[in-house]
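> After the sequence you'll find the predicted model.
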Amino acid sequence: MKISLRDLVLNPEILKAGRRILLSGTVYTARDAAHKRIIAMLNSGDAAPFNLKNAVIYYCGPSPAKPGAVIGACGPTTSSRMDVFTPKILEEGVKFLIGKGARSEAVVNSIKENGAVYLVATGGAAALLSKTVKKADLIAFEDLGPEAVYKLEVKDMPLIVAVDSTGSNIFELNRTVTSQKGTH
């Protein structure tokens, strides 16, 4: 299903756990170090380096672009590394998170409470994912190198809804199915 960020913001309920989508729109990269700085800024009353309302954060640290390329490899990093920061980020208005792997119960609850959605990208497909990036601009924390914040314009980025706005979670659904198979 092809979907624009505008459509997602207006209708997050169309994203049910397990649905595959092709996302187009603006995405911001931020990993551990960037999250730590953003939270420190917010806690001291400063504004984040980009508007968090309805934003998409991609847990990614892109590699440098080769000559003529928009961006280098840009695969997802393990999302649980951001779990300590995620509830605050969601309270500030972020609606979509992109990464890989399961999230903690606290984060799943925060996703549900804030009407957000967690999307997963395929790990190990960094070169493929880079082809969906049409524009990349460094916008904050240049000193962090690949962990700096980049504003990406993506077209048809392949993702799977892992946790939807109701808290339905593909990682839990998979555990339930697996445990049920083992009881027969």
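Yes, it's here. It should be emphasised that the depicted structure is a prediction, and the values quoted were computed from it without experimental measurement. Numbering: from 1, shown residues only.

> what's Gly18 sitting at in phi/psi?
With angles defined as degrees, to the nearest 10, Gly18 sits at phi 100, psi -20.

> Quick check: which element contains the closest residue to Val120 other than its chain neighbours?
Nearest in space to Val120, with sequence neighbours left out and distances taken as C-beta to C-beta, 6 or more residues apart in numbering, is Ala162 at 4.4 Å. Where C-beta positions appear, they are placed from N, C-alpha and C, glycine not excepted. Per DSSP states H and E, Ala162 falls inside strand 149-163.

> contacting residues around Arg103?
79-80, 83, 86, 111, 118, 162-163, 169, 171 (C-beta atoms under 8 Å, 6 or more residues apart in numbering).

> and with 6 Å instead?
Listed by C-beta atoms under 6 Å, 6 or more residues apart in numbering, the contact set of Arg103 reads Ser79.

> Go through the strand holding Ala162 and flag the buried ones.
Using 16 or more other C-beta atoms under 10 Å as the test for burial, strand 149-163 gives 149-152, 154, 157, 159, 161-163.

> From Glu91, how far off is the residue nearest to Glu142 when sequence neighbours are not counted?
Excluding the flanking residues, the one nearest Glu142 by C-beta to C-beta, 6+ apart is Ala148, at 5.3 Å. To Glu91, Ala148 is 24 Å away according to C-beta to C-beta, to the nearest Å.

> Between the two, which is the more surrounded one?
With neighbours defined as other C-beta atoms under 10 Å, Ala148 and Glu91 compare such that Ala148 has more, 20 against 13.

> ok, the more buried one - contacts?
When contacts are taken as C-beta under 6 Å, 6+ apart, Ala148 is in contact with 138, 141-142.

> for this protein, what spans make up the strands?
For the chain, applying DSSP state E gives strands covering 2-4, 20-29, 56-58, 96-99, 117-120, 133-140, 149-163.

> low-confidence ranges in the chain?
Under the criterion pLDDT under 70, the flagged ranges of the chain are 5, 8-10, 12, 173-184.

> At which residues are the helices of it located?
Assigned by DSSP state H, the helices in the chain fall at 5-10, 32-43, 86-91, 105-113, 126-130, 170-182.
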